[in-house]
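> mind looking at a prediction? Sequence and model below.
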Amino acid sequence: MIALLLAQAAIPAVAPVWNLADRTNAAGVRSISASVTGNDGLSRFVVKCDVGSEPIVSIQFIQPQPLGSGADKPVAVRFDGGPAFTYNWQFPGTGTYVTDPEAITRLTTFLVKSKTVRVETTNGANFAVQANFVAPTSDAMIRQVLGVCGYTLGVVPTPPPPPKDAQ
């Protein structure tokens, strides 16, 4: 038994890897995402594009335990242990997400240049919640996800001008 435990301890842990998923549901909504599981083996960090009536890019932090729901609240994201980029994210339940184009641009720009990502927030009982993730090894997946929604990595998208008859 001890020999078995020692043999298992000698096996190196496999680092989490980023995965790309591209799906279209029955309603014709296409979702493409790049995601990674946290160092805790439970949390997930996701960069996602949903294309329905209009494209929506989001960055999501998903936890196995409920984070609470209701009002937006701050989430801090740190890259390589650096200063926090804090934005108000939406909290629908076990996950939280941000869709603000400036936040998406800043966070994805730093994400692809980093080795590690740390997400910090609070749950519904106001207790600290944090998770650590590996950053992607290249920018290819993130560029692909952003591109489907018409984003360019590192460029804040500008909204289209209003239709001429609306002016």
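Happy to help now that I have it.
> can you map out the strands along the protein?
Along the chain, the segments classed as strands by DSSP state E run 19-24, 30-37, 44-51, 55-62, 70-79, 84-91, 95-98, 116-122, 128-134.
> in the last one, which residues are buried?
Same thing as strand 128-134. Buried residues in strand 128-134, counted by 16 or more other C-beta atoms under 10 Å: 129, 131-134. To be clear about C-beta, it is placed using only N, CA and C from the backbone, and glycine gets the same treatment.
> average pLDDT for the longest helix along the chain?
Secondary structure of the chain per DSSP state H: the longest helix is helix 101-111. The pLDDT scores in helix 101-111 average 97.
> next: stretch 114-131.
94.
> stretch 143-158 too?
On average, stretch 143-158 scores 95.
> look at it and report the distance between its end residues.
17 Å (C-alpha to C-alpha, to the nearest Å).
> how far off centre is stretch 62-71?
15 Å (C-alpha atoms, centre = their mean, to the nearest Å).
> so who does the residue sitting nearest the centre point of the chain touch?
When C-alpha atoms, centre = their mean is applied to the chain, the residue found nearest the centroid is V46 (3.0 Å). Each residue near V46 by C-beta atoms under 8 Å, 6 or more residues apart in numbering is listed here: 33-35, 58-62.
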